[in-house]
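Undergrad: I would like the atomic coordinates for the input below:
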Amino acid sequence: MGVFRPQMVHAYTTDISTTKPMVRWPRAEQTRIAKVDRSTIRFTRLHWLEERCSMAASTNPYVAGLPVGGTDGFVGRTSELETLSTVLSTGQTQAVLLTGAPGIGRSSLLRQLEHTLDAHGEVHSVRVCLQDRIWDPLDDVISHLADAVGRALRITEPELGHWAENRFAERWLPLVLERIHEDDRIVFLFDEFPVVFDPRSRQAAGALLPWFAGLLEQFPGRFRAVFTTDLRLQNQEAIVRRYFPDLYRLELGPLDAKATRDLIQRAHGHCSFQWSTGALERVEALCGGHPFFLQLTCSLVWNRHHSSASHSDVYAIDVNALIESTIDSGTPVFEALWSGLPSECRVLAAALAWQHNTAVHTDRTVALLEECGVPMVTTTLEEDAPAELRRQGLLHPRTDALMFGVPLFRLWIRAHCPLEVAFTALDQVVPEADRLFQVAERKWQTASNEATRREAVEQLEEVLRLNPNHTTATEMLGMEHERRGEPITALAYLERLFEIQPSRARPKLVRILLQLADQESSSARKTRRYDRILQIAPGQPQATRARAQLQPVWRRTRTPSSAPAPLPSPTPATDATAPLDNTISPTVASPLRPRAPSPPPKVGSEQSSFSPTEADPSDDSELALLYDAARVALDVGDRETARRHLGRVAAEQPTFRETARYLYLAVHNVDPAATVHAPGANPKRTIRALTAGILVLAASLLVSITTRPQPPPTADVQALSSAIPTGPAPSPPVPVVSSTESVAAATPPEAAPATVVADLSLDTPAPSETVHGTDTHLDTEPPPTPEREPSPEPRKASSSEALIQRGWSALEAGALTEAESLFDAAVSRSPHNPDAHYSLAYAAEKLGSLDMAFIHYCSALRYAARGSVVQRDVSGRLLQLEMTCN
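TA: Coordinates of the predicted model:
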């Protein structure tokens with residue numbers, strides 16, 4: 001019986017229609033085995049194929065991160081191999097520089113080249129890996145090189161000892177050349193050896209190239225060299241060309257379509273599984289021919305398919321399920337790609353990744369960058385950046401559109417590179433401007449007199465003339481004009497910075513606007529300043545209180561003709577490109593951008609938040625003023641004042657606007673709107689019950705208010721209360737309720753009836769009940785209640801907000817310990833405030849206490865409202881820290 005040869009493995013195919021294995025026997029093998037018993041042949045053939053497929057199916061055929069040259073895993077690169085073989089064999093040049101982006105396959109091609117050259121008898125390849133020896137002494141590297149030559153040519157390795165530089169070239173190398181034919185050549189393959197230009201250096205990074213160039217001159221025609229380098233390393237080609245003027249440069253790009261298909265379908269030859277057409281197209285669409293990401297994606301698919309012991313085909317849905325794992329596993333290569341890009345390429349790539357459409361017409365490049373917040377689009381950003389990205393294979397080669405050639409890279413940018421962080425590269429787009437900025441920055445920081453500071457300011461202004469997008473120079477000029485007492489000029493610079501990096505400019509911009517608002521004499525101008533603050537920092541405590549105090553006075557004194565036009569709602573620079581299909585915001589908090597805190601959630605539902613612009617401007621009645629004052633008091637947490645004002649409104653007109661709802665909210669701290677809209681609830685019945693119960697509460701509150709001393713109003717609503725006429729409160733009507741069950745019916749499902757009684761006993765006199773009848777009425781003269789002293793302590797919400805603001809100011813000034821103490825006090829005063837927890841977690845992270853940071857990040861995530869800014873920021877921080885809350 002014949003023995004099956006290894007080359008028969010390549011003849012193995014699978015009939016997809018019948019799923020039965022078939023073997024196309026080589027012609028010589030068919031002739032040789034024709035005389036053997038057919039049944040024996042069939043049994044042996046099937047047994048061998050089953051054993052071979054069982055062994056192959058248990059081995060992952062995809063290798064990600066390791067060179068595959070010289071193995072059956074190497075596919076494509078036929079033209080590159082032919083070019084290199086021709087150049088090195090014919091002696092067209094002495095040195096070749098092989099370059100490309102990270103993960104593109106330089107080391108794999110170098111090993112495949114070694115395998116190809118060894119097939120030619122006249123060329124001897126010596127592969128040398130010096131990646132970890134760049135800072136070793138030159139003698140040590142030469143000794144390592146001699147060892148590699150000895151192993152490759154099977155010659156006894158020399159003992160060079162000291163003075164290896166001279167002994168290698170003068171004694172040992174001539175002996176080596178005598179062992180090979182005089183027409184043979186030795187090709188040195190230097191894998192990943194970065195070099196620097198330093199003629200005086202005795203370290204390998206600076207001294208190896210000059211020494212090797214002299215070696216080639218000493219033995220002309222006998223040696224060749226191939227260097228591989230990364231595109232991230234600048235000036236590598238210029239340094240190598242300095243010593244080898246005839247340098248031949250070859251840059252690797254993505255694989256072609258045929259090589260891409262062959263690489264993906266390697267699982268077919270290993271009897272693992274079959275790729276469906278949709279799965280093949282999906283992998284091609286995600287990876288775009290990049291070898292590393294193709295290997296990584298296919299490897300993850302194989303691992304999942306192998307672990308599930310499934311014999312089914314792989315479909316596009318299986319590939320989509322592993323996109324997130326592919327991005328996480330490929331992060332080191334993604335980071336290498338990102339860091340190796342020029343500054344202008346990072347800016348354009350981020351802007352393109354964060355816009356919704358996957359492709360943008362080339363004519364819209366300027367509009368795209370302007371929508372993202374770039375003040376001035378230069379030729380470097382418009383023309384040079386797309387060309388460089390196409391050259392590296394990261395953009396599709398089409399010249400009429402901007403679209404990613406490796407869409408996985410786009411998804412990684414959206415997950416790990418917020419737009420503001422990416423736009424910090426705008427400072428380095430113009431190298432001349434950045435060098436001048438570094439000089440001006442040192443001068444500004446070390447200035448001891450005003451003359452030096454003025455000179456530094458002039459240089460910073462020159463930086464902006466050279467590079468209008470330089471964010472750090474813009475920020476420093478704003479700070480300098482603020483120091484000089486020129487807030488208007490400082491405001492202009494900070495508004496300019498806010499367009500590019502909102503979170504970086506927000507604290508300083510708020511501080512300037514508050515200062516300008518205090519200086520304004522007109523209420524309308526003050527209102528505009530505070531409105532602008534609330535636009536850029538919603539919920540800013542000081543602006544919120546000041547704006548609430550200005551609103552009643554402005555409403556009573558203005559006329560329709562003199563009413564100021566409302567300011568348009570600002571659109572942040574990133575909104576134009578915010579993705580609609582991704583939950584990650586382009587302004588995710590990162591270690592580079594501490595964010596200003598947002599206000600804590602208000603009591604009740606989000607609908608209970610009151611904006612002064614919601615009030616009817618034509619309604620200036622006393623009831624409207626009372627109602628507005630109560631709404632503002634609810635927003636700042638002063639439920640006592642809100643109960644007093646809403647009780648007077650309910651006594652006079654119970655159906656005024658939403659008095660019943662907010663009176664219930666002020667008494668029980670529960671929004672009845674949530675009960676009305678609860679699933680399965682009867683809205684009409686619930687509203688009738690609520691109205692009946694709230695009428696009882698209104699009368700009780702009004703009687704209590706008129707018969708006991710009231711605590712002094714808080715500072716937040718003094719202006720509102722001062723605008724309300726102080727006449728005697730109208731006598732409340734005595735409401736009649738059908739039964740005692742009406743009060744209980746007004747209680748939401750989550751609030752027990754006992755709680756209602758307890759709240760009434762605290763805020764109102766106990767009502768007297770009629771025993772012989774079904775009606776319940778309130779006595780007009782309730783028994784006296786003990787007086788309570790007004791609490792001198794400030795409200796927890798207001799004090800925690802103030803502590804948070806002081807903490808961020810201390811954090812901005814660099815006082816981390818003081819900021820942590822203030823944030824800790826804010827958490828103690830308001831344990832359910834997500835901003836307090838977020839601020840304390842951020843300070844703890846900066847101080848290196850990751851455990852405490854994790855605890856408070858999770859607490860902030862627990863108390864934050866769904867879809868709020870705090871929730872998005874905390875999620876971004878946890879993603880950066882690679883932590884997950886349980």
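
Undergrad: C-alpha from now on. contacts and neighbour counts both.
TA: Noted.

Undergrad: which secondary structure element contains Met883?
TA: Taking DSSP states H and E as the definition, one finds Met883 inside no helix or strand.

Undergrad: Which residue comes closest to it once chain neighbours are left out?
TA: Phe854 (7.7 Å; C-alpha to C-alpha, 6 or more residues apart in numbering).

Undergrad: and if you look at His124?
TA: Ranked by C-alpha to C-alpha, 6+ apart and with sequence neighbours excluded, the top spatial neighbour of His124 is Ile186, at 4.8 Å.

Undergrad: Which parts of this structure are strands?
TA: 12-15, 20-23, 95-100, 123-129, 185-191, 223-230, 248-251, 359-361, 401-403 (DSSP state E).

Undergrad: one step back: contact partners for the residue nearest to His124?
TA: Val123, His124, Ser125, Val126, Arg222, Phe223, Arg224 (C-alpha atoms under 8 Å, 6 or more residues apart in numbering).

Undergrad: Extract the residue ranges of the stretch 301-450 of the chain that are flagged as low pLDDT.
TA: 309-311 (pLDDT under 70).

Undergrad: how about the helices of it, start to end?
TA: Taking DSSP state H, counting those that start in this stretch as the criterion, the stretch 301-450 of the chain carries its helices at 316-320, 323-329, 331-340, 343-354, 365-371, 379, 385-391, 407-416, 419-422, 431-445, 450-466.

Undergrad: tell me the most buried of the ones you listed?
TA: helix 343-354 (a mean of 25; mean count of other C-alpha atoms under 10 Å).

Undergrad: What is the neighbour count of Val377?
TA: As a burial measure, Val377 scores 17 neighbours (other C-alpha atoms under 10 Å).

Undergrad: what's near enough to touch it?
TA: Val377 is in contact with Val366, Leu369, Glu370, counting by C-alpha under 8 Å, 6+ apart.

Undergrad: switch the cut-off to 10 Å
TA: By C-alpha atoms under 10 Å, 6 or more residues apart in numbering, the residues touching Val377 are Thr365, Val366, Ala367, Leu368, Leu369, Glu370, Asn467, Pro468, Asn469.

Undergrad: a markdown table for the strands of the chain, including distance to Pro342?
TA: Listed next are these as a markdown table, based on distance: least, C-alpha to C-alpha, whole Å:
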| stretch | distance to Pro342 |
| --- | --- |
| strand 12-15 | 47 |
| strand 20-23 | 52 |
| strand 95-100 | 14 |
| strand 123-129 | 27 |
| strand 185-191 | 24 |
| strand 223-230 | 13 |
| strand 248-251 | 17 |
| strand 359-361 | 21 |
| strand 401-403 | 17 |
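
Undergrad: do you know which of those lies nearest Gln274?
TA: Gln274 lies closest to strand 12-15 among these, at 9.7 Å (C-alpha to C-alpha).

Undergrad: Just the mean pLDDT for the closest one, thanks.
TA: Strand 12-15 shows an average pLDDT of 35 in the prediction.

Undergrad: can you check stretch 860-868 too?
TA: 84.

Undergrad: what do you get for stretch 625-643?
TA: Stretch 625-643 comes out at a mean pLDDT of 78.

Undergrad: Can you give me the first-to-last residue distance of it?
TA: 14 Å (C-alpha to C-alpha, to the nearest Å).

Undergrad: Same check on stretch 241-248?
TA: With C-alpha to C-alpha, one end of stretch 241-248 sits 9 Å from the other.

Undergrad: now what about that stretch, what contacts it?
TA: The contact list for stretch 241-248, computed with C-alpha under 10 Å, 6+ apart, reads 84, 87, 92-98, 197, 209-214, 216, 225-226, 235, 237-238, 240, 249.

Undergrad: Show me the shaky parts of the stretch 1-150 of the chain.
TA: If you take pLDDT under 70 as the line, the stretch 1-150 of the chain has these spans: 1-58.

Undergrad: Which stretches in it count as helices?
TA: 27-32, 38-57, 78-90, 106-118, 138-153.

Undergrad: Just the C-alphas of the last one, formatted as PDB.
TA: In other words, helix 138-153. Coordinates of the C-alpha atoms in helix 138-153 are reproduced here as PDB (Å, rounded to 0.1, in the frame of the first residue of the first chain):
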ATOM      1  CA  LEU A 138      29.000  49.100  19.300                       C
ATOM      2  CA  ASP A 139      31.500  46.300  20.200                       C
ATOM      3  CA  ASP A 140      28.700  44.300  21.800                       C
ATOM      4  CA  VAL A 141      26.500  44.700  18.700                       C
ATOM      5  CA  ILE A 142      29.300  43.700  16.300                       C
ATOM      6  CA  SER A 143      29.900  40.600  18.400                       C
ATOM      7  CA  HIS A 144      26.200  39.800  18.100                       C
ATOM      8  CA  LEU A 145      26.400  40.400  14.400                       C
ATOM      9  CA  ALA A 146      29.300  38.000  14.000                       C
ATOM     10  CA  ASP A 147      27.400  35.300  15.900                       C
ATOM     11  CA  ALA A 148      24.400  35.700  13.500                       C
ATOM     12  CA  VAL A 149      26.800  35.300  10.500                       C
ATOM     13  CA  GLY A 150      28.300  32.200  12.000                       C
ATOM     14  CA  ARG A 151      25.000  30.600  12.600                       C
ATOM     15  CA  ALA A 152      23.600  31.500   9.100                       C
ATOM     16  CA  LEU A 153      26.700  30.200   7.300                       C
END
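
Undergrad: Can you report how many residues lie near the residue lying closest to Val63 once chain neighbours are set aside?
TA: Counting by C-alpha to C-alpha, 6+ apart, Val63 lies nearest to Gln295, which is 5.9 Å off, once chain neighbours are set aside. Gln295: 20 surrounding residues under other C-alpha under 10 Å.

Undergrad: Double-check Thr472 against Leu497; I have them as touching.
TA: Yes. Contact criterion C-alpha atoms under 10 Å: Thr472 and Leu497 qualify, at 8.7 Å.

Undergrad: Between the two, which is the more surrounded one?
TA: More crowded of Thr472 and Leu497, by other C-alpha under 10 Å: Leu497, with 27 against 19.

Undergrad: on that earlier part again, what's the overlap in contacts for Thr472 and Leu497?
TA: Joint contacts of Thr472 and Leu497 (C-alpha under 10 Å, 6+ apart) are Gly478, Arg504.

Undergrad: With distance to Arg171 as extra columns, can I get the helices of the stretch 301-450 of the chain in a markdown table?
TA: Formatted as a markdown table, the helices of the stretch 301-450 of the chain follow (distance: least, C-alpha to C-alpha, whole Å):
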| stretch | distance to Arg171 |
| --- | --- |
| helix 316-320 | 59 |
| helix 323-329 | 49 |
| helix 331-340 | 42 |
| helix 343-354 | 49 |
| helix 365-371 | 62 |
| helix 379 | 57 |
| helix 385-391 | 46 |
| helix 407-416 | 52 |
| helix 419-422 | 55 |
| helix 431-445 | 49 |
| helix 450-466 | 58 |
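
Undergrad: Select, out of the ones you listed, the one closest to Ala624.
TA: Nearest of the helices of the stretch 301-450 of the chain (C-alpha to C-alpha): helix 365-371, 42.0 Å.

Undergrad: Only the C-alpha atoms, please, for the closest one, written as CSV.
TA: Output of helix 365-371 as CSV, limited to C-alpha atoms (Å, rounded to 0.1, in the frame of the first residue of the first chain):
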residue,chain,number,x,y,z
THR,A,365,-13.3,68.9,4.0
VAL,A,366,-13.2,72.6,5.1
ALA,A,367,-16.8,72.6,6.2
LEU,A,368,-16.3,69.4,8.2
LEU,A,369,-13.4,70.8,10.1
GLU,A,370,-15.2,74.1,10.7
GLU,A,371,-18.2,72.3,12.0
